[in-house]
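Show me the folded form of this:
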Amino acid sequence: MSISIFMTLFMVSLLGAMSPGQSVIMVARNTLAGGRAQGIITACAHSIGVGLYAGLSLAGLALVLKNSPLFYNTITYLGAAYLAWLGICSLRSKGGITDKLNSGKQMSLYQAARSGFVISILNPKIIIFYLALFSQFVENADSMVNRIIIVTTPTVLDAVWYIFIACMLSKPTTLIRLRQHAQTIDKVSGMLLLLLAGRILIS
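As a prediction, the model looks like this:
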């Protein structure tokens with residue numbers, strides 16, 4: 001793999017990770033509800049889902065999605081339903097930041113990991129990303145080294161980006177201020193998640 005192709009892969013993967021959406025909302029919510037460790041675990045679990053899609057792309061994900069609208073639509077609707085459920089829970093503060101803080105119970109590492117992985121697996125944006133952009137790099141997977149690079153680059157960049165967000169949000173002064181407005185954050189994140197779900201269904 002040439003340097004120019006790798007830099008293109010690097011930039012495309014970085015921009016994909018940095019694009020706003022439900023993933024950043026989930027990392028932020030878990031960081032505020034649990035702390036830095038929960039935010040980092042969410043980020044790492046999310047990157048595992050990204051790596052899974054990267055690996056599937058090499059195995060023919062783009063071809064499968066193009067030839068199977070039913071498969072694509074099923075994942076899309078499941079993702080929209082999951083986002084809508086999270087949004088409703090946040091609006092009702094059922095399992096949201098406010099309830100976690102009021103109960104005095106921290107979000108467990110397992111809960112953080114599960115939500116991070118599920119949000120990436122059921123994220124139509126990630127599917128579209130690999131279908132429209134990432135599949136162009138599959139032809140460069142002509143050796144084991146190149147295949148490892150193609151899979152690990154987006155996986156590592158995704159983890160690094162969301163770990164950075166978790167670390168920034170978990171600074172003591174920032175965390176205290178944000179937790180003081182936990183109920184507002186629950187309502188806002190709930191509305192955003194419902195809007196994202198609606199946007200997925202409409203598009």
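
Name all residues that make contact with the most centrally placed residue in the chain.
Using C-alpha atoms, centre = their mean, the residue of the chain that lies closest to the mean C-alpha position is Ser23, 3.4 Å off. Contact analysis of Ser23 by C-beta atoms under 8 Å, 6 or more residues apart in numbering lists 46, 119-120, 123, 162. Where you see a C-beta, it was placed from the backbone N, CA and C, and this is true even at glycine.

what do you get for Met26?
The contact partners of Met26, taken as C-beta under 8 Å, 6+ apart, are 42, 46, 86, 115-116, 119.

which ones among those residues are found in strands?
Judged by DSSP state E, the contacts of Met26 include no members of strands.

now that we have the residues you listed, which one has the most neighbours?
Among the contacts of Met26, Thr42 has the most neighbours (other C-beta atoms under 10 Å), with 33 neighbours.

residues contacting it?
Thr42 sits next to 26-27, 30-31, 112-113, 115-116, 162, 166 when contact means C-beta under 8 Å, 6+ apart.

Skip the chain neighbours and tell me the closest residue to it.
Gly116 (3.7 Å; C-beta to C-beta, 6 or more residues apart in numbering).

With Thr155 instead?
Nearest one to Thr155, counting by C-beta to C-beta, 6+ apart, is Gly51 at 3.5 Å.

thought the one you found was touching Thr153?
No: counting by C-beta atoms under 8 Å, Gly51 sits too far from Thr153 to count as a contact (9.8 Å).

Off-centre distance for stretch 34-45?
Distance, stretch centre to chain centre, for stretch 34-45: 12 Å (C-alpha atoms, centre = their mean, to the nearest Å).

I appreciate the help and will end here.
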